Structure formats: C-alpha cells, structure tokens
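1. this one's structure only:
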C-alpha cells in the first residue's frame, strides 16, 4: 500500500465526519498555538538579549579593573585579600598599565573609561546628564558607526560632541526622524516639547556645566553666625561644545554599552574642569586625581581572541577582567529553563488534545467496525489497517500543527502590538517579544505528529486486531 | 486437479464451558474450475466453512490446502495475502463501504495489493462494465438496487483476479428475478472465465441446476455429496 493512497484514504475517512474531525483538530490547534506562542516568548527574549550583545559589540568587549580583591575567594569565605595590605595585587590602573594592555596580542584598542555627571543646556532646556569621554578610534565600532544624524568627531581634542536622541527627548527636545515618525502618547501630548527638523541641531552649541572647587567658599563668612546655612565650597563651570551628531536607538536593546548621554572626544573630556570624586569618601581621601583609572575598556580584535586575552590580563597581569559575554552562558541557561517551563505549560494543552484524538479514533473504530471487517475480507492486512488509522491520527496532528502555528503566530502578533503600545513610551523602537525560529516551527510540526501518532497507537492496534468474521456481522 | 483440499477440518466455538462444533472433521476437495454449491440448514456450518476456506477465520484443527499449501498454518499476514490474491468473497449483505461509490469500492481491494492508481481505475471500470454497471460507476451503494449492489460486490471480488470466488448466499437478499441474474453472472464467471466457485445457498434445487457438485451439510458434517452430471 502506497503512502499517497494511505494519505488520500486518511483524508477521505476524516472528511466523512467533518465536524468531529474539525473539533478534534481544533484541540491540537489550540495546543500547538499555546505551546508555540509560549516558547516563542522565551526564544524572543533570548534573541533580543543575544542581538543586544552583538549590536553592542559585547562579545568583543572587556572591562578591566584593578586586581585588588579576590572576589571569588571572598564569596567562598577567603578574606585574606582584604586583610593583607602588603600584597602586590593592589595595583593602580595608570598609563603604564594601559600601555601594557595595549601591547597584548589580540587587543584592538584600550582606553580608560571616563564618565562624569554634569548639567547640559540646549535651547534653554537644561537637564542633568552623564558625559563620557570616548576616543576617536571608536568611530568604526557599534554604535558609533551608525550615527542617525550628523557625524562622529574628527579628533580626540575636538569640541564637537555627540548626544543621544533619547537624552534630547528627556530634555523636552524632539528631533524628527523621517524614517520613524514620533507619535506622542496621551501623557506626553500636553507637555512642552520643542520639535525640530532632523538636521537643525547639528552645529548648534551645547553648554555643559560641571562642578568645580570654589576655594573662596572656605573663607569665613560672618553671616553664618546669624543662622545662614553654610555653603558648600563648590561652584559651576560652563564649557561650550558643538553638537556634531545624534545617535538614536535602532532597537530597544541597542546602544546599551554606551554609558553616557553625551559623548565627548577623549582628550577634551579629560581636560574639562570638574571635581575628581564622585562621593564624599573620595573627596575626603584626597580625590581620584592620582589614584589611576577606575576601569579600562578593552576591545578585542575578534571573538576568537577573547579567551586568550582574558587569560593574559588575568593570569599574567593580575588584573580583574569582566566580560559580559561570559554572562551570556548563564543567561542562556536561564532561558533554557524558561523555555522548558513555558513549553511544559503548552504541552499540557497538547496532551489534552492528544486525549481528544484517542477519543475520536476509538469512536471512529466503533463506527467503522464493519468497514474494517470488509477491508480485511478483501485483503487488507493488519499492518495496512493499522497504517490507515495511524495516518488519520497523523493527519489530525499535521493539520493541527499548521493551523496551530498560524494561531500561535497571530496571538503573538496581537500580544506584541498590545505590549508595545501599552508599555513602551512614544518614539521608542518597538521590541519583538516573540520569535519563531525554524526549529520551533519544525519542532512543533514534528511534535504534534508524534503526539498524534502516539495517541493513534492504541486505536490503530485495536482496529488492526478486530476479528473480521465478527466485524462483518457488526451493524 | 484439486485447487482446494479440506482435511479433517474442525472449528469449535466456545461459549463459556460449552463447546459448539460448527465444522466437525470435514474432508473434501474442490476441482479447479468447478462450481460447488454448499447447502444446508441454518447453523449447519456452511458460512463457517466458507470463512475458513477464505482465510477470514482459523480452524481449531485440520488442514485446508490451496494449491497444495496449507493455509491453516499461515500467519495473519499470510492469511491477508490469501484473501487478497487467491480468493474473492461475495456476501449476502453485499458488504460494500457505503461512503464510497462503486468505482472506489472496487478499487479499494486493489489499493491493498499495491496496484497503481491508473491500472486500478482501468481495471475497475472494465469489471464494472462486465457486470453490467457501466452507467453506475460513480453511484454510491445506497443509490443502487440490491442486484446492482451485488454486482459491484462481484466486480470487487474479481478485482485482484483470484482463482476462487467464495459466495455466501449471494442471492439471499434479492428477489427471485434479480437472484437469477446474479446466479447467471456467477455461472458466466465459472464457464467463461474459469473461476472456481464455492457458493452457499438454501435452495438445493436451484443449486443442482447450475453446479457441478452439491454438498449438503448438517451439524458441521457432510450429509450428502452429490456430483451433478449434464452441467455444461
């Protein structure tokens, strides 16, 4: 008996009891729909995270910090690193270390991470932001190679700066993007936004106010005797820059590795007058001026150098290295568990559908007992009869899987739209919460067919074992 | 030459402690190309005997040789092959699949024997024409008369070109005129196509008119075995 004959026969048999077949298949459709939409949420989130890593160059990025304390040992109860002042691991990330790091094979570039808080003012709009000094070499790497408006600065000492589109929006300035028009949501509509054409901010000044020491503030003020509150010996210093470019998130997860709102050429950033501490302890301890850099950003030429570079920095140079790519393994494991849980919930629905198939097939056998007897009388073997029922069950599974995938996809499209419109502010790039990889599509079809075949196993065996003499007497 | 040889054939049905011998140590042989009628009262074991020869049922004891090969010892798959290629069965209640038309009923038997789709269709149409149903090919059984339905069943029985036709009271549900037409068709199959025919009937007189031999069963045993002379 040929496969096409079996399939044709299976379809014809199922079509005879249309309503029952449709209802049974609907069970599978819902099961597969639930399973795929749930698993696609897990895969969607995993994809978003992985793409974030890729887009932000995190697979080739490292952060180096001084090798002061053995954190791993500390978590295991080893406090010797804390007590021993004399150990040589208390190094300072100075220019000579930076130079040594740059010599390591496989390292493309390394620069100290330089960020500070400041107030930015554009078109009379002012807001506190984080400024970051980024070297000119970074212009070739994400996200700086994808500037939305304008261009990257030309030298490390330039006064041209870059600003985030999202930071401007927080400053109540919206730069129109012809590719992605901004739709303000209900809450934002009444607010006092300045809306500008795409390139109108390029070349305009931006004023950066930083805090500097005001030594005059230490002078004795007789007014303090009369209850006036003492003033901190700090004053604001304004530096003027030119906006050279604006970069905007292309997806919800891009630009994650830029720490600042405002990107300033590295040497220029170093020269900006500001306080050398970020908290009172630093200030009391003499500031961070001569303490070296707090961390160094390292970009590796290629992902294949990653392990080797980490080993050299850690073992040979005694530095602490943090590679976020290392975290991906754990994140992936977490997603595997999430997929498993979501898949298990979906599978319950599919198992219920499987019981529906068993029920339908058993009913069908009862109704078709005489027909089975006839088929045996005219030469149908047990194997052939078994296959006829197998194919019928498998057909329910296959059709259920196809429509289930369509249902799952529709559900995720709607859920995605609702989630994006409800939870994301206007102008933010949409997130695809769900993702249907090929393995999920094929897996769902195969799983559904296998489940249907398992569900059809007992009915098929029962049909095949029917005694033809009795079956022919059956009404 | 024997095509079928039955030796000490026994079929016992058990109902709890009670044993009912439906076929009781039967022995006879059937010549190739002959028309054998089996007569007897209800419960005499006629249908059981036919089911055993047709491989639908298995004997409690004894042997059934088909071309010298004992089908009593065949596996279930072997019996299916026997039903598929060696014998064609016709029943009193027609036993067609009511959801399928005449053509599909005839081709179904060929689906099991793996004949190609085109060959099946050509052969089925030819057989339906031979039984006089060329204008009823796409009719379903409930759109056909009793006689026409039985003709479809005969066409189906012939579809894999078996040597033996087993007919279990093929005229039992038909009026006398239609019954005569069906009997004529079976006689034609025997005489023109040289099919060996084993037919169960109640009507011994009619059987004697058309058969080469009539066996009368009583309580699973041969009561009378009559060779008819003068049959063409």
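-> Now that the structure is in, tell me what you want to look at. Just so we're clear, the structure is a prediction, and the values are computed from it rather than from any experiment.
2. Could you tell me how many residues sit around residue A:336?
-> Applying other C-beta atoms under 10 Å in any protein chain shown, we find 12 residues neighbouring residue A:336. Where C-beta positions appear, they are placed from N, C-alpha and C, glycine not excepted.
3. Quick check: pLDDT value at it.
-> Note on residue A:336: pLDDT of 85.
4. Just to check, residue B:123 is in contact with residue B:115?
-> Yes. Assessed by C-beta atoms under 8 Å, residue B:123 is found in contact with residue B:115 at 7.3 Å.
5. Please identify the helix or strand for the spatially closest residue to residue B:204 that is not a sequence neighbour.
-> Residue nearest to residue B:204 in three dimensions, not counting chain neighbours: residue B:39, with 4.6 Å by C-beta to C-beta, 6 or more residues apart in numbering or on different chains. Per DSSP states H and E: residue B:39 is located in strand B:35-40.
6. which helices and strands does that strand pack with?
-> Packing partners of strand B:35-40 (3 or more C-beta pairs under 8 Å, 6 or more residues apart in numbering or on different chains; DSSP states H and E): helix B:46-53, helix B:176-192, strand B:196-201, helix B:204-210, strand B:213-218.
7. Quick one: work out the angle between the longest one and strand B:35-40.
-> Meaning helix B:176-192. Using axes from the mean of the first three to the mean of the last three C-alpha atoms, to 10 degrees, the direction of helix B:176-192 lies 140 degrees away from that of strand B:35-40.
8. Can you name the residue of chain A nearest chain B?
-> Closest contact between chain A and chain B, by C-beta to the nearest C-beta, is at residue A:379 (2.7 Å).
9. looking at this, that residue is in a helix?
-> No. With DSSP: H, G, I helix; E, B strand; the rest coil as the criterion, residue A:379 is coil rather than part of a helix.
10. Got phi/psi on the residue in chain B positioned nearest to chain A?
-> For chain B and chain A, the shortest gap (C-beta to the nearest C-beta) falls at residue B:84, measuring 2.7 Å. With angles defined as degrees, to the nearest 10, residue B:84 sits at phi -70, psi -40.
11. how about the helices in the stretch 1-150 of chain A?
-> In the stretch 1-150 of chain A, the helices defined using DSSP state H, counting those that start in this stretch lie at A:3-16, A:18-55, A:71-75, A:80-83, A:95-103.
12. what's the longest one packed up against?
-> The helices and strands touching helix A:18-55, judged by 3+ C-beta pairs under 8 Å, 6+ apart, are helix A:324-367, helix A:382-423, helix A:438-464.
13. and the helices and strands packed on strand B:35-40 as CSV, adding mean pLDDT and distance to residue A:208?
-> Converted to CSV, the helices and strands packed on strand B:35-40 look like this (pLDDT from 0 to 100; distance: least, C-beta to C-beta, whole Å):
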stretch, mean pLDDT, distance to residue A:208
helix B:46-53, 95, 101
helix B:176-192, 92, 107
strand B:196-201, 95, 109
helix B:204-210, 89, 117
strand B:213-218, 94, 115
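14. so which of these comes closest to residue A:465?
-> helix B:46-53 (17.3 Å; C-beta to C-beta).
15. So is the closest one next to chain A?
-> Yes. Helix B:46-53 reaches chain A (C-beta under 8 Å from any C-beta of the partner chain) through residue B:51.
16. and the residue positioned nearest the centre of chain B, helix, strand or coil?
-> Nearest to the mean C-alpha position of chain B, by C-alpha atoms, centre = their mean, lies residue B:166 at 1.3 Å. Per three-state DSSP, the secondary structure class of residue B:166 is strand.
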